[in-house]
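Sequence plus the predicted model coming up.
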Amino acid sequence: MREGEFAALLHEHAGLLSRIAASYEADPSLRDDLLQDVALALWKALPAWRGDASLKTFVARVAHNRGASHVIGRTRHPRAQALDEALADPTRGPESHAQLEQKRLRLQDAVRALPLNLRQTVTLALEGFSQQDIAAALGISANNVAVRLNRARKALKTVLGEPA
Amino acid sequence: MNPQDDWGRWGDDWQQQPTVDVERLRRRVQRKRRQMRVMVGIEMALALFAVGQLVRLLLMPGVTERWKIWAGLAFLLMAATVYLALRARRGTWRSATEDIPGLLRLTAERARAGIRLAWMNILSVPVLLAISLPIAAPWLAPSRWRHDPVLQRVLLFQLVINGVVIGALLVFFVAYIRRQRRRLREVEALLREYAD
């Protein structure tokens, strides 16, 4: 792959890659390292793309795989109290952030605290992927995707304090 | 509120996240690729240097059969090391497009293989000693070095250097095994979580 094509691909999917990386790593400097790993993995993996899934699905899959490796490598397996700690962070209060930013950060923390299988499914759903595309990206059935989304929705509503 | 509304609302919030600086990312990736190429180059240069030294030892006039056998074994050990390093790299390339459970299983398999290799390395120390000591036996007899200060210095130097190297390697491999076992437990927990 030529450098120009790779740069164009990074530009096109920068938002998707940033958000997937954010779902695996809260620390900005470590997230930078993760994004670098993801970009390198994409550079290596792209020649293997045969067009059986969309390029966006392929990119998401590679990014999630690197994210999963990151979780294993850094032993950042989400703990039960991680979400409470994140939501109780005083630096994220309304005094220091706009309300929208607050909502976004709460959602990001809530997604990051989900178990790996739900987190990956949710991240792709929030990116607007269809259930079939999520199934293709994660290598699971569409039914399984539906079950996971249902469970994830309930979990997110609970931790975000929204009525069921 | 129905599920579609929830996902749509959360999706809008989610996509407000800041985006990475692509140009900076691209430069970092370019730098990393250059570093990887340099590392491969250095490894190859070191391997070639080691082969050169072994060939030199084999061709040196007056070298006994014992040292020729040692050079042959050292060459085999080095070839095995290079092969394993290449295999490990190929594994990391392949994993990028596999599905998540496949990746987790591959990681677990690598951790198990790493533990096996580390044990092989630990056990190779007594094997290496068993091979090397008979070869060096004539110089190790007290009658040979007791009145030879040069040989005493050589033997002391060898003892210290090999002791430090073997000690450091043992510490490294024991720590490595513990790390891989921890990783294995984490991967197995993730696999169970993923199967839910």
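Nice, thanks for sending it over. Please read these numbers as outputs of a predicted model, since none were measured by experiment. Numbering: from 1, shown residues only, chains lettered A, B, ... in the order given.

So for the longest helix along chain B, mean pLDDT?
With secondary structure taken from DSSP state H, chain B has its longest helix at helix B:149-195. For helix B:149-195, mean pLDDT rounds to 88.

Can you name every helix or strand that it contacts?
helix A:55-74, helix A:116-126, helix B:100-140, helix B:142-145 (3 or more CB pairs under 8 Å, 6 or more residues apart in numbering or on different chains; DSSP states H and E). Where C-beta positions appear, they are placed from N, C-alpha and C, glycine not excepted.

Pull out the buried residues from the last one.
Meaning helix B:142-145. For helix B:142-145, a neighbour-count test (16 or more other CB atoms under 10 Å in any protein chain shown) marks B:Trp145 as buried.

which one of the helices and strands packed on helix B:149-195 lies closest to A:Glu3?
When the helices and strands packed on helix B:149-195 are compared by CB to CB, helix A:55-74 sits nearest A:Glu3, at 17.4 Å.

For burial, what's the neighbour tally of residue 130?
I'll assume chain A. A:Ser130 is flanked by 13 other residues according to other CB atoms under 10 Å in any protein chain shown.

Chain B, not that one
Neighbour count for B:Ala130, taken as other CB under 10 Å: 9.

I'd like to know how far it sits from B:Leu73.
With distances taken as CB to CB, to the nearest Å, B:Ala130 is found 12 Å from B:Leu73.

closest point of chain A to chain B, which residue?
A:Gly139 (2.7 Å; CB to the nearest CB).

Number of residues surrounding that residue?
Residues near A:Gly139, counting by other CB under 10 Å, number 14.

same thing with A:Ile72?
A:Ile72 is flanked by 21 other residues according to other CB under 10 Å.

where are the low-confidence patches of chain A?
A:1, A:73-98 (pLDDT under 70).

80 instead?
Within chain A, the stretches with pLDDT under 80 are A:1-3, A:48, A:50-53, A:72-100, A:164.

Work out for me the element the most centrally placed residue in it sits within.
The centroid of chain A falls nearest to A:Ile20 when counting by CA atoms, centre = their mean (3.0 Å). If you go by DSSP states H and E, A:Ile20 is part of helix A:3-24.

relative orientation of that helix and helix A:116-126 in degrees?
When axes from the mean of the first three to the mean of the last three CA atoms, to 10 degrees is applied, the directions of helix A:3-24 and helix A:116-126 differ by 120 degrees.

which helices and strands sit right next to helix A:3-24?
Applying 3+ CB pairs under 8 Å, 6+ apart, one finds that helix A:3-24 contacts helix A:28-45, helix A:55-74, helix A:99-112, helix A:116-126, helix B:22-59.

Quick check on the residue of chain A closest to chain B: phi, psi?
A:Gly139 adopts backbone torsions of phi 70, psi 40, taken as degrees, to the nearest 10.

again with A:Gly51
phi 80, psi 10.

Tally up the residues packed near it, please.
7.

need the contact list for it.
With contact set as CB atoms under 8 Å, 6 or more residues apart in numbering or on different chains, A:Gly51 has no partners.

count of neighbours near residue 30?
Picking chain A for this. A:Leu30, neighbours per other CB under 10 Å, totals 15.

wrong chain, I was asking about chain B
15.

And it, what's its pLDDT?
Predicted confidence (pLDDT) for B:Gln30: 86.

same deal with the one 10 residues further on?
Predicted confidence (pLDDT) for B:Val40: 81.

do you know how far it is from B:Val82?
From B:Val40 to B:Val82 the distance is 11 Å (CB to CB).

With B:Val127 instead?
According to CB to CB, B:Val127 and B:Val82 sit 20 Å apart.

swap in B:Tyr176?
Distance from B:Tyr176 to B:Val82, by CB to CB: 19 Å.

still on that earlier bit, highest mean neighbour count out of the helices and strands packed on helix B:149-195?
Ranked by mean neighbour count, the helices and strands packed on helix B:149-195 are led by helix A:116-126 with a mean of 25 (mean count of other CB atoms under 10 Å in any protein chain shown).

neighbouring contacts of the following helix or strand past that one?
Toward the C-terminal end, the helix or strand that comes next after helix A:116-126 (DSSP H and E) is helix A:131-138. Applying CB under 8 Å, 6+ apart, the contact partners of helix A:131-138 are A:53-54, A:56-57, A:60-61, A:64, A:120-121, A:124-125, A:129, A:141-142, A:144-146, A:149, B:99-100.

relative to helix B:149-195, how tilted is helix A:131-138?
Going by the same axes, to 10 degrees, helix A:131-138 makes 160 degrees with helix B:149-195.

could you give the angle of helix A:131-138 to helix A:55-74?
Using the same axes, to 10 degrees: helix A:131-138 against helix A:55-74 is 50 degrees.

Heading C-terminal from helix A:131-138, find the next helix or strand.
With DSSP H and E, the next secondary element past helix A:131-138 is helix A:142-160.

for that following helix, packing partners?
By 3+ CB pairs under 8 Å, 6+ apart, helix A:142-160 packs against helix A:99-112, helix A:116-126, helix A:131-138, helix B:3-14.
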